[in-house]
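Chemist: Structural data only, the sequence is not supplied:
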Ligand SMILES: Nc1nc2c(ncn2[C@@H]2O[C@H](COP(=O)(O)OP(=O)(O)OP(=O)(O)O)[C@@H](O)[C@H]2O)c(=O)[nH]1
Ligand SMILES: [Zn+2]
């Protein structure tokens with residue numbers, strides 16, 4: 001496996017898909033209206049957005065982070081490789097799923113050790129990341145301004161069973177080096193978190209430079225309007241890449257029951273013991289989940305949040321299904337990453 005490709009995030013999961021296939025692998029690093037910018041073993045390549053390959057529904061088009069096989073003679077894409085993870089949002093108008101990022105390995109869910117700290121919001125992000133097929137690490141900033149950072153850490157740890165939490169002073173490059181183990185060569189990461197929690201600060205410390213300021217460069221589209229469709233993969237000093245797209249802040253939960261259940265595993269597990277298959281865990285007789293709440297095994301707050309997220313996901317899914325896009329394509333779009341995530345869990349393989 002060539003080192004240049006590995007540095008771009010090429011892994012066994014992609015290698016196994018290209019055996020005997022024509023074309024050269026390249027990774028999409030930016031998506032523009034009229035062209036894609038890709039990086040490959042031989043350097044960067046521009047792929048014009050034209051031809052039948054692009055004549056597809058939005059949820060099938062390549063997005064930033066995707067691996068494509070390209071005919072290097074013509075710069076024409078031949079196929080998009082199956083993704084190890086995939087993030088999407090509802091497009092403006094809410095009738096289409098719009099792909100935002102593919103093949104992200106680890107997402108740092110950023111929150112602060114202060115009054116902004118909100119467990120239910122962290123859980124929403126955990127469900128999103130689970131659904132996308134990536135792994136999440138909760139990063140709590142402002143540990144330096146808080147006397148009881150460990151208390152926040154404990155509370156964050158009370159979310160999912162396999163939750164990983166790090167507390168940092170995001171202003172200090174030495175301190176954020178605790179995140180190094182997720183930042184090895186060829187690893188792709190992304191940041192999620194509300195405004196002001198310290199994402200740009202964290203990125204700056206990770207880069208030890210001031211790159212975050214330059215993200216989301218404005219450019220003119222063909223009608224002379226400014227658009228902020230520039231999306232980017234930044235290279236971090238340790239060899240990892242940070243995928244920074246503005247839309248990552250508006251991720252949607254749609255058709256995400258599997259991700260929500262994975263993020264609330266203790267509820268999903270108990271629910272299989274409920275008398276009714278469609279039990280809402282409210283006042284139904286024989287409800288194993290309510291029983292666990294009464295016994296103090298499941299928190300009432302988490303059950304309430306699980307319900308809220310299931311509602312949000314179902315409502316968005318319904319909107320997509322009613323409009324042209326349909327739920328079948330979304331289910332299909334997600335199926336592969338769910339299978340990959342399950343495979344990774346059972347064999348411990350991160351490829
Ligand atoms: N003391 C301290 N200040 C921090 C820390 N993290 C962030 N800050 C400060 O918090 C403020 C907001 O941080 P940003 O990095 O701009 O937050 P953001 O998440 O990028 O915000 P958006 O760009 O709005 O999404 C800045 O003034 C930072 O200096 C930290 O760990 N310790
Ligand atoms: Zn029940």
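Modeler: Received it, and whenever you're ready, just let me know what you need. What you are looking at is a predicted structure, and each value in this text was computed from that prediction instead of being measured. Ligands and ions are numbered 1, 2, ... in the order given.
Chemist: contacting residues for the residue in the chain that ligand 1 sits nearest to?
Modeler: Residue of the chain nearest ligand 1, by C-beta to the nearest ligand atom: residue 198 (2.9 Å). Every C-beta, even on glycine, is put in place using the N, C-alpha and C of the backbone. Each residue near residue 198 by C-beta atoms under 8 Å, 6 or more residues apart in numbering is listed here: 110, 112, 141, 142, 170.
Chemist: can you pull the contacts of the fourth one?
Modeler: For residue 142, the set of contacting residues under the criterion of C-beta under 8 Å, 6+ apart consists of 112, 113, 114, 169, 170, 198.
Chemist: out of those, which are buried?
Modeler: Using 16 or more other C-beta atoms under 10 Å as the burial test, the contacts of residue 142 include 112, 113, 169, 170, 198 as buried.
Chemist: thinking the first one is in contact with residue 140, fair?
Modeler: Yes: Residue 112 sits in contact with residue 140 when judged by C-beta atoms under 8 Å, with a separation of 6.7 Å.
Chemist: Check whether residue 18 really touches residue 68, as I assumed.
Modeler: No: counting by C-beta under 8 Å, residue 18 does not reach residue 68; the two are 10.6 Å apart.
Chemist: okay, the two: which has more neighbours?
Modeler: residue 68 (23 against 16; other C-beta atoms under 10 Å).
Chemist: And the contacts of the helix or strand that one falls within?
Modeler: Here residue 68, judged by DSSP states H and E, is contained in strand 67-71. Contacts of strand 67-71 with the rest of the structure, by C-beta under 8 Å, 6+ apart, involve 9-10, 14, 18, 21-28, 38, 40, 45, 47, 62, 76-81, 103.
Chemist: and those, which of them are in helices?
Modeler: 14, 18 (DSSP state H).
Chemist: Give me the buried subset of the contacts of strand 67-71.
Modeler: Of those, these count as buried by 16+ other C-beta under 10 Å: 9-10, 14, 18, 24-28, 38, 40, 45, 47, 62, 76-77, 79-81, 103.
Chemist: on that earlier part again, quick check: buried residues in the strand holding residue 68?
Modeler: For strand 67-71, by 16+ other C-beta under 10 Å, it's 67, 68, 69, 70.
Chemist: was I right about residue 169 contacting residue 175?
Modeler: Yes: with contact defined as C-beta under 8 Å, residue 169 reaches residue 175; the gap is 4.5 Å.
Chemist: gap between the residue of the chain closest to ligand 1 and residue 295?
Modeler: Distance, residue 198 to residue 295, using C-beta to C-beta, to the nearest Å: 38 Å.
Chemist: residue boundaries of the helices in the stretch 201-350 of the chain?
Modeler: Under the criterion DSSP state H, counting those that start in this stretch, helices of the stretch 201-350 of the chain are mapped to 257-263, 265-271, 288-294, 300-322, 327-347.
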